[in-house]
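**Student:** build me a structure from this.
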Amino acid sequence: MTAAGPDDPVTVLVVDDQELVRGGLRRILRRRDGFALAECADGDEVPAAVAAARPDVVLMDLRMKRVGGIDATRALRHDPAAPPVLVLTTFDDDELLSGALRAGAAGFLLKDSPAEDLIRAVRTVAAGGSWLDPSVTDRVLDGYRRVRPAVDRGAGRLAELTAREYEVLQLIGRGLANGEIARALGISQVTVKSHVGHIFGKLALRDRAAAIVFAFDHGVVSPGESTG
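**Tutor:** You can find the predicted model right below:
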């Protein structure tokens with residue numbers, strides 16, 4: 001994946017087995033509004049579509065005929081250079097959505113969300129942030145905690161963070177991308193990336209989704225500050 005420049009459209013790979021849904025997304029994520037779309041119709045087509053389109057974000061359905069979105073996301077995330085995945089689904093299924101987070105998705109959005117939320121979510125995830133639909137976030141995070149491998153989430157690890165790293169963790173917990181964190185704190189994106197690496201190392205976190213769970217678990221971010 002090659003990061004889009006400030007004037008480049010955000011390239012979105014839409015993965016959905018329903019042409020009606022793909023057509024609706026075309027009408028929302030328009031080129032004149034700064035998006036370029038590629039499409040495929042099932043999870044087994046994702047690797048080739050990613051290689052061809054080099055998208056900034058993959059917009060992934062969960063239930064498809066041959067390969068579901070969770071398996072497709074898990075396979076995609078084996079490549080460290082793969083684009084982030086935003087799950088888009090009609091199913092308000094907590095276990096399904098928490099499974100998507102465990103597979104490495106950067107967030108999820110229900111298909112009945114307003115078009116404005118979809119646009120914001122795609123831009124946020126493409127920029128490296130996370131987006132968790134607030135209508136189901138608390139329940140989905142509970143499912144994520146129950147099933148993910150047990151790790152030490154004790155407050156002692158939180159004390160290892162510097163004051164600046166704690167601030168960065170707060171902003172990760174609110175779903176901000178590195179560029180947004182840099183602007184909020186008045187520091188460079190390179191410095192933010194360094195802080196994020198230190199946070200993940202000190203807290204034994206795999207990804208931003210795990211960082212969000214940690215932030216909620218330890219009161220770094222309150223439910224009223226949910227991402228999205």
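**Student:** going along the chain, name the strands of the chain.
**Tutor:** For the chain, the strands defined by DSSP state E occupy 10-15, 35-40, 57-60, 85-89, 107-110, 131-132.
**Student:** now the second one: how far from the chain's centre is it?
**Tutor:** Which is strand 35-40. When distances are taken as C-alpha atoms, centre = their mean, to the nearest Å, strand 35-40 is centred 18 Å away from the chain's centroid.
**Student:** any idea how far His198 is from the closest residue to Arg74 other than its chain neighbours?
**Tutor:** Nearest non-adjacent residue to Arg74, counting by C-beta to C-beta, 6 or more residues apart in numbering: Ala103, 4.1 Å away. Every residue, glycine included, has its C-beta placed from N, CA and C. Remark: distance between Ala103 and His198 (C-beta to C-beta, to the nearest Å) = 25 Å.
**Student:** mean confidence score for the lengthiest helix in the chain?
**Tutor:** The helix that spans the most residues within the chain, counting by DSSP state H, is helix 189-203. Mean pLDDT, computed over helix 189-203, is 93.
**Student:** packing partners for it?
**Tutor:** Packing partners of helix 189-203 (3 or more C-beta pairs under 8 Å, 6 or more residues apart in numbering; DSSP states H and E): helix 155-158, helix 163-173, helix 178-185, helix 208-217.
**Student:** ok, what's across the strand from the nearest residue to Arg120 once chain neighbours are set aside?
**Tutor:** Once flanking residues are discounted, Arg120 sits nearest to Trp131: 7.6 Å by C-beta to C-beta, 6+ apart. With DSSP bridges as the criterion, Trp131 is bridged to Gly107.
**Student:** contacting residues for Trp131?
**Tutor:** 86, 106-109, 120-121, 124-125, 175, 227-228 (C-beta atoms under 8 Å, 6 or more residues apart in numbering).
**Student:** can you check Ala177 too?
**Tutor:** The neighbourhood of Ala177, defined by C-beta under 8 Å, 6+ apart, consists of 124, 127-129.
**Student:** got TSV for those residues, with distance to Ala51, pLDDT and neighbour count too?
**Tutor:** TSV is the format used below for those (distance: C-beta to C-beta, whole Å; pLDDT from 0 to 100; neighbours: other C-beta atoms under 10 Å):
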residue	distance to Ala51	pLDDT	neighbour count
Thr124	24	88	23
Ala127	22	86	18
Gly128	21	83	22
Gly129	24	83	24
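**Student:** check those residues and tell me the two furthest apart.
**Tutor:** Thr124 and Gly128 (8.5 Å; C-beta to C-beta).
**Student:** near the nearest residue to Arg66 once chain neighbours are set aside, how many other residues are there?
**Tutor:** In space, and not counting its chain neighbours, Arg66 is closest to Asp42: 4.8 Å by C-beta to C-beta, 6+ apart. By the measure other C-beta atoms under 10 Å, the count of residues near Asp42 is 17.
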